[in-house]
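Asks: sequence? don't have it. structure:
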């Protein structure tokens, strides 16, 4: 017997990195369904503009996800204004690209702080609020880079592997609590973060709207794994079943090993890379 879809109207939903990209697109989809959306972003002006376009009870508040005390205060303020948080979407993230040997320590720290530590803290705060109520949903936006390694983005892949592992562990910790955890793993999403990235036969790009639709769907019918597109699940399973040498040969043959590496020094990424370099505090969601 199919489970009844959950209604999202009136739900208090928080999105980090919600001023642009996946975050803003998801916010729009949820606001259209009647949710009370709270956007947290370092770019307060853009966050207010995004929230203003959503209308209704949309709220924009400044958020530096690397400031743990500030992150907690942000969630407190959302609850003070809108009520108990029903859903937290940990979406904020950055993706600077380079070979690991060329990456400076500041970039490494930024990625760890924004992409991983902030997700750990946000998830922990959500659990502390949701478990006593016996309800809630945590959605962590990872990446297909959380299931495989891609040259040119070693630290990024490490952070996304961390998000996947975190989400899997907390999902098990919360079994029977009434609180759901979902991990979203998109392919290349056509936002500013993906500037300069190409496509291969193995990895096709998707739109922010595709990811937003997948998030809306999993909030209505909770499950853990959310691949965008869904075909990534089968692709990943097949690749992992192959002997490593053959799997790596297949990845090279299909060009998947060059997707990030070829864009590392692309002029098309210059503007994004400059903004990401100044983003410790926060940045755009994936």
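Replies: Perfect, thanks for sending it. Given the structure is predicted, the values throughout are model-derived calculations rather than measurements.
Asks: what's the longest strand in the chain?
Replies: strand 179-186 (DSSP state E).
Asks: so where's the stretch 151-286 of the chain shaky on pLDDT?
Replies: Within the stretch 151-286 of the chain, the stretches with pLDDT under 70 are 190-204, 232-242, 244, 246-251, 253-273, 275-276, 279-286.
Asks: helices along that one, start to end?
Replies: For the stretch 151-286 of the chain, the helices defined by DSSP state H, counting those that start in this stretch cover 154-173, 208-220, 231-241, 244-253, 270-277.
Asks: ok, back up a step: quick one: distance of the longest strand of the chain to the chain centre.
Replies: Strand 179-186 has its C-alpha centroid displaced from the chain centroid by 9 Å (CA atoms, centre = their mean, to the nearest Å).
Asks: ditto for stretch 33-40
Replies: Worked out by CA atoms, centre = their mean, stretch 33-40 lies 17 Å from the chain centre.
Asks: number of nearby residues for the nearest residue to residue 118 once chain neighbours are set aside?
Replies: Spatial nearest neighbour of residue 118, excluding adjacent residues (CB to CB, 6 or more residues apart in numbering): residue 65 at 3.6 Å. In this view, the C-beta of every residue, glycine as well, is placed from N, C-alpha and C. Other residues within reach of residue 65, judged by other CB atoms under 10 Å, total 30.
Asks: helix, strand or coil: sort out residue 65 for me.
Replies: For residue 65, the reduced secondary structure class is coil; criterion used: DSSP: H, G, I helix; E, B strand; the rest coil.
Asks: contacts only, for it.
Replies: 16, 17, 40, 71, 92, 113, 114, 118, 121, 122, 281, 282 (CB atoms under 8 Å, 6 or more residues apart in numbering).
Asks: one more time with 6 Å
Replies: Residue 65 makes contacts with 16, 71, 92, 114, 118, 282, as judged by CB atoms under 6 Å, 6 or more residues apart in numbering.
Asks: helices - which of the residues you listed land there?
Replies: 71, 118 (DSSP state H).
Asks: so which of the contacts of residue 65 wins on neighbours?
Replies: Going by other CB under 10 Å, residue 92 tops the contacts of residue 65 with 33 neighbours.
Asks: thought that one was touching residue 18?
Replies: No. The criterion here is CB atoms under 6 Å, and residue 92 misses it with residue 18 at 8.3 Å.
Asks: ok, back up a step: now the residue nearest to residue 118: how far from residue 18?
Replies: Note on residue 65: its distance to residue 18, by CB to CB, to the nearest Å, is 11 Å.
Asks: follow-up on the earlier one: going by distance to residue 160, which of the contacts of residue 65 wins?
Replies: Nearest to residue 160, judged by CB to CB, of the contacts of residue 65 is residue 114 at 11.8 Å.
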